[in-house]
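Visitor: my questions are about this predicted structure, shown below with the sequence.
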Amino acid sequence: MKKRYWLFVPLMLFVVLALLLWQGLGRDPSTRDSALLEKPFPAFSLTTLEDPDRVVDASLLEGQVTLVNVWGEWCPTCKREMPQLLALKERGVHLVGVDYKDTREKGRAFLDEFGNPFALNIFDPEGGLGFDLGVYGAPESFVVDAKGNIRYHHTGYITPEDIDDVIMPEIERWQ
C-alpha cells in the first residue's frame, strides 16, 4: 500500500507546478508596476543615436516633464506606435527615445522611414539602460517629471486611445 502512495507524489507535484505555471501565463504583463516609480531615472552615460560623439546622461531629463520611449528597429509594435508618438509631439509633449539593442544604422533608417518624434535619442546598443529601467521588451514608455523622477510606466504599445485616456493625463498631472 505504501508503494502506491509514493507513485502519486510525483504526479501531485507535477499538477501543482503545472497549475502555478498556468496561472502565471494568464496574467497580463502590461499591468505590472515598475519598481522604479517615484525614483530617479537610472544614471547612465551614453551617446546619442544622431551623434556618436555626443554623450548624454540623466540630467537631460531635468527641467521639464518628458516621455521616455524605449524602442528598436527590430520591434514591429514600435512601428505601429510611431503615429501616436508623432501625435504626442504635435501636442507639445517632450519626447526622448531610447534606441534599445539596435545598430546605429538600423535605428536611423527606422526614424527616416517612420518619422522622428524625439527631441533626442539615447543609443543603448547593449541594453544596459533598458536593463536598469526593468525593460523586458519594447516598446515601453516612462513619464519623467521635471526633477528626473519616474512617475508613470506604460508597458507595451501606446494606442490611439491611450493618448487621451492615459498618457496626456499623466503628463498634465506632473507638469
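Guide: Looks like it arrived, so ask away.

Visitor: show me what counts as buried in stretch 73-88.
Guide: For stretch 73-88, a neighbour-count test (16 or more other C-beta atoms under 10 Å) marks E73, C75, C78, E81, M82, Q84, L85, L88 as buried. Heads up, the C-betas are built off the backbone N, CA and C, glycines and all.

Visitor: how about G63, phi and psi?
Guide: With angles defined as degrees, to the nearest 10, G63 sits at phi 110, psi -20.

Visitor: helix/strand/coil for the closest residue in space to it that isn't next to it in sequence?
Guide: Spatial nearest neighbour of G63, chain neighbours left out: A146 (5.8 Å); criterion: C-beta to C-beta, 6 or more residues apart in numbering. Following DSSP: H, G, I helix; E, B strand; the rest coil, the label given to A146 is coil.

Visitor: how many neighbours does A146 have?
Guide: Per other C-beta atoms under 10 Å, the neighbour tally for A146 reads 13.

Visitor: if I look at it, how far off is K101?
Guide: 29 Å (C-beta to C-beta, to the nearest Å).

Visitor: with L11 instead?
Guide: 42 Å.

Visitor: quick one: which of those two has more around it?
Guide: Neighbours per residue (other C-beta under 10 Å) separate L11 from K101, with K101 holding more: 18 against 9.
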